[in-house]
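Engineer: I'll drop the sequence and a predicted model, then ask my questions.
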Amino acid sequence: MTLYGYDIETTGLNPNKDEIVTIQYKKDKTGLSVYKRWEHDTERDMLLAFLNDWKDIPRSRKRGAEEFIAFNVLKFDAPFLLTKAQQHNIATESNWNGEYVWQNIIHGPPFLDLAQLLGDDMKKFAEWRNCLTGSYGDYESKQIPEFYNNDSYNKIEEYVRDEMNTLEQVYKEI
C-alpha cells in the first residue's frame, strides 16, 4: 500500500504567525483523510486529532509500513507541524512527549520526498504536475488563505483532493 502525504495547507509560510488550515494524507486503497481547521475548536485540537491517527501508521517496513510519498515534506510540512506542536505544547499531553512528537512528525514512516527527487528548486509541484500529467489544477496553494478567510471551505477541500490525487499521479508517472 502507498501512503501519500502528509501534506498541510496553511495561511502562510511562517509557523510563528500563520495557521494550519488542513492536514491530509491519502492511502491509495482506503482513501483520503483530511483534518480541517474549521471543524475543530482550535488548531491544537486539529493537530492532536491528526497525530492521534497518524501515530498508528507502521514506522518500519518489517512491521508493514506503507511506502510514504510526499512533496516538500522535509523543507516545509514537517518543520511547520513540529513548530506548531511545540507552540501548542502537544508534549504536555498525557500520552505524548517530546520524543514521541518528534518520532511521529519527523522520523516515520520511511518516505520518499519527491521534491528532493525531482528538484523543487528547478520546478514547483504545479509545473512538475503539468509536465508529468498534462494538467494544472483549478486552484493554487497561494489562494488557500483567501479561501479560508472567506469561509470558502469547499474550494479548499476541492484543492486538497485534487492535490493528493495529483501527487499519486505524479509518483506513478515517475
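Structural biologist: Alright, I've got the coordinates.

Engineer: if you count neighbours, what's buried in the strand or helix carrying residue 4?
Structural biologist: Assigned by DSSP states H and E, residue 4 falls within strand 2-10. By neighbour count with 16 or more other Cβ atoms under 10 Å, strand 2-10 contains the buried residues 3-10. Where C-beta positions appear, they are placed from N, C-alpha and C, glycine not excepted.

Engineer: now these in TSV, with pLDDT and distance to residue 165?
Structural biologist: Converted to TSV, the buried residues of strand 2-10 look like this (pLDDT from 0 to 100; distance: Cβ to Cβ, whole Å):
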residue	pLDDT	distance to residue 165
3	84	14
4	87	9
5	82	11
6	89	15
7	94	12
8	97	17
9	97	15
10	97	20
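
Engineer: so residue 67 makes contact with residue 27?
Structural biologist: No: the criterion here is Cβ atoms under 8 Å, and residue 67 misses it with residue 27 at 10.6 Å.

Engineer: least trustworthy helix or strand in the chain by mean pLDDT?
Structural biologist: Using mean pLDDT, DSSP states H and E, helix 125-133 stands out as the lowest-scoring helix or strand of the chain, at a mean of 79.

Engineer: average pLDDT for the helix or strand that that helix is followed by?
Structural biologist: Using DSSP H and E, the next helix or strand after helix 125-133 towards the C-terminus is helix 144-149. Per-residue pLDDT over helix 144-149 has a mean of 97.

Engineer: off-centre distance for the helix or strand following helix 144-149?
Structural biologist: Downstream of helix 144-149, the first helix or strand assigned by DSSP H and E is helix 153-173. Distance of helix 153-173 from the chain centroid (Cα atoms, centre = their mean, to the nearest Å) equals 11 Å.

Engineer: and for stretch 81-95?
Structural biologist: Offset of stretch 81-95 from its chain centre (Cα atoms, centre = their mean): 17 Å.

Engineer: hey, C-alpha coordinates of that stretch in PDB?
Structural biologist: Output of stretch 81-95 as PDB, limited to C-alpha atoms (Å, rounded to 0.1, in the frame of the first residue of the first chain):
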ATOM      1  CA  LEU A  81       4.000  20.800  12.100                       C
ATOM      2  CA  LEU A  82       6.800  20.400  14.600                       C
ATOM      3  CA  THR A  83       6.900  24.100  15.300                       C
ATOM      4  CA  LYS A  84       3.100  24.100  15.800                       C
ATOM      5  CA  ALA A  85       3.300  21.100  18.100                       C
ATOM      6  CA  GLN A  86       5.800  22.900  20.200                       C
ATOM      7  CA  GLN A  87       3.800  26.100  20.200                       C
ATOM      8  CA  HIS A  88       0.700  24.200  21.400                       C
ATOM      9  CA  ASN A  89       2.500  22.200  24.000                       C
ATOM     10  CA  ILE A  90       1.500  18.900  22.500                       C
ATOM     11  CA  ALA A  91       4.200  17.200  24.500                       C
ATOM     12  CA  THR A  92       2.200  18.000  27.700                       C
ATOM     13  CA  GLU A  93      -0.500  15.600  26.700                       C
ATOM     14  CA  SER A  94      -0.600  12.500  28.900                       C
ATOM     15  CA  ASN A  95       0.200  10.100  26.000                       C
END
